[in-house]
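# Predicted model follows, preceded by the sequence.
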Amino acid sequence: TQLLEQSPQFLSIQEGENLTVYCNSSSVFSSLQWYRQEPGEGPVLLVTVVTGGEVKKLKRLTFQFGDARKDSSLHITAAQPGDTGLYLCSGGGADGLTFGKGTHLIIQP
Amino acid sequence: GAVVSQHPSRVICKSGTSVKIECRSLDFQATTMFWYRQFPKQSLMLMATSNEGSKATYEQGVEKDKFLINHASLTLSTLTVTSAHPEDSSFYICSARDAYEQYFGPGTRLTVT
């Protein structure tokens, strides 16, 4: 079973600050996905990383896939209250995705 | 991106009754759909993989006789929770896969009283 560890589990910061959340595994993944989920809704895909060392940017969000394809990070610059939510990393391909436990992020105005 | 819908969005049922949840891919055909369950403050746990025209594949620990899955067409999968109990109360989320990504439905909140 492939396991994904996410850290921190909870994070509460002030608007305007920067933050990084991590997703780590002892297994190699062909790809990793990052999702954001709001209460009572399904996860929404933010990005998929497939190449070791890959860096993808989505406005203020920067995603990195580790060289060995075992870990990934999400960095948010100048966080805004609208960034509040549960951030989930997942790995897998054609089979069902394996999810980390998520990072609950709260951005306080 | 592709759209996946679920119906109903919320359902309350009495203990011992059965509840059916529908998952539809609205603008693409999905040979494979997945059912997840999420308890409060927790992550998504894969319950089963639903393949069109064949039996679903259940994850370890998920009772196939309790959670009946039918994937009758390329755009519809259903999950029936049979003889529901309060511990089945949860947020059930389906996803459908195209050639590249998995797209998630908005979820169904099941409350068993």
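In hand now; what should we look at? As the structure is a prediction and not an experimental result, all values here were calculated from the model.

# where do the helices sit along chain B?
For chain B, no helices are identified by DSSP state H.

# need the residues of it near chain A, please.
B:1, B:4, B:6, B:32, B:34, B:36, B:41-46, B:49, B:59, B:91, B:93, B:95, B:97, B:101-107, B:109 (Cβ under 8 Å from any Cβ of the partner chain). (Each C-beta comes from the backbone N, C-alpha and C, glycine too.)

# Can you say which of those residues are buried?
Among those, those that count as buried by neighbour count (16 or more other Cβ atoms under 10 Å in any protein chain shown) are B:4, B:6, B:32, B:34, B:36, B:43-46, B:49, B:91, B:93, B:95, B:97, B:102-107.

# Do you know the pLDDT at the residue lying closest to B:Thr75 once chain neighbours are set aside?
Nearest residue to B:Thr75 in three dimensions, chain neighbours excluded: B:Ser25, at 4.9 Å (Cβ to Cβ, 6 or more residues apart in numbering or on different chains). B:Ser25 carries a pLDDT value of 94.

# which ones are touching the residue lying closest to B:Thr82 once chain neighbours are set aside?
Excluding the flanking residues, the one nearest B:Thr82 by Cβ to Cβ, 6+ apart is B:Ser18, at 4.7 Å. Shown in contact with B:Ser18 (Cβ atoms under 8 Å, 6 or more residues apart in numbering or on different chains): B:80-84.

# In strands, which of those fall?
Judged by DSSP state E, strands contain the following of the contacts of B:Ser18: B:80-81.

# and the contacts of B:Ser18 as JSON lines, adding pLDDT and neighbour count?
What follows is those, written out as JSON lines (pLDDT from 0 to 100; neighbours: other Cβ atoms under 10 Å in any protein chain shown):
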{"residue": "B:Thr80", "pLDDT": "97", "neighbour count": "14"}
{"residue": "B:Val81", "pLDDT": "97", "neighbour count": "23"}
{"residue": "B:Thr82", "pLDDT": "97", "neighbour count": "15"}
{"residue": "B:Ser83", "pLDDT": "96", "neighbour count": "11"}
{"residue": "B:Ala84", "pLDDT": "97", "neighbour count": "22"}
